[in-house]
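K.L.:
model this:
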Amino acid sequence: MIATVLAVCRSKDKGTRKKPAKAGLFKEELGLVGDAHADGTTHRQISLLAEESIEKMRQMGLEVGPGDFAENLTTRGIDLPALPVGARLLVGKDVLLEITQIGKECHTRCAIFQQVGTCVMPLEGVFARVIRGGVVRPGDSIEVKA
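P.N.:
Just a heads-up that it's a prediction; the model follows:
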């Protein structure tokens, strides 16, 4: 299976669900233009979560989809939490991301955690910085680079 982008999502405010978009402009060392986390001050410029992780939450009875975990890129066909920090991903033809963090500490239990007592983002979400920018669209390929 070829790894692909299922959705590109953004929000203007931190800590909220993100809305899927037709495309996203990723800027080097900044993040996704128009997203609250695109301020260039952190190593967590882009967040990624696999559809396979979202499916685990659906199996618990939640009606969730792309962007509901505040991820910028929802992926399909790639084991994101298995990637090492420092791994690079070529997304589409131009965008190069570098994995900077696997998982995160969840200080404020989100609405999803409140509903079912768990959430996949703290364990299976990954974060990256933008090494080379460009446009990403749903359906774009994702390739792990050496």
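K.L.:
can you name the helix or strand that the spatially most central residue of the chain falls in?
P.N.:
Centroid-nearest residue in the chain, with CA atoms, centre = their mean: L48, separated by 1.7 Å. Using DSSP states H and E, L48 sits within strand 46-50.
K.L.:
what element comes up after that strand heading to the C-terminus?
P.N.:
helix 51-58.
K.L.:
for whatever helix or strand comes next after that next one, packing partners?
P.N.:
Counting by DSSP H and E, the next helix or strand C-terminal to helix 51-58 is strand 73-76. Packing partners of strand 73-76 (3 or more CB pairs under 8 Å, 6 or more residues apart in numbering; DSSP states H and E): strand 4-10, strand 46-50, helix 51-58. C-beta here means a position set from N, CA and C on the backbone, and glycine is covered the same way.
K.L.:
of all these, which one comes closest to A82?
P.N.:
Of all the helices and strands packed on strand 73-76, it is strand 46-50 that lies closest to A82, at 10.3 Å by CB to CB.
K.L.:
pull the residues that contact that closest one.
P.N.:
26, 31-32, 37, 69-76, 78-80, 97, 120-121, 124-130 (CB atoms under 8 Å, 6 or more residues apart in numbering).
K.L.:
pull it out as CSV, backbone CA atoms only.
P.N.:
What follows is strand 46-50, C-alpha atoms only, in CSV (Å, rounded to 0.1, in the frame of the first residue of the first chain):
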residue,chain,number,x,y,z
ILE,A,46,2.9,20.1,11.9
SER,A,47,0.9,17.3,13.6
LEU,A,48,0.2,14.0,11.9
LEU,A,49,-2.2,11.2,12.8
ALA,A,50,-3.0,8.1,10.9
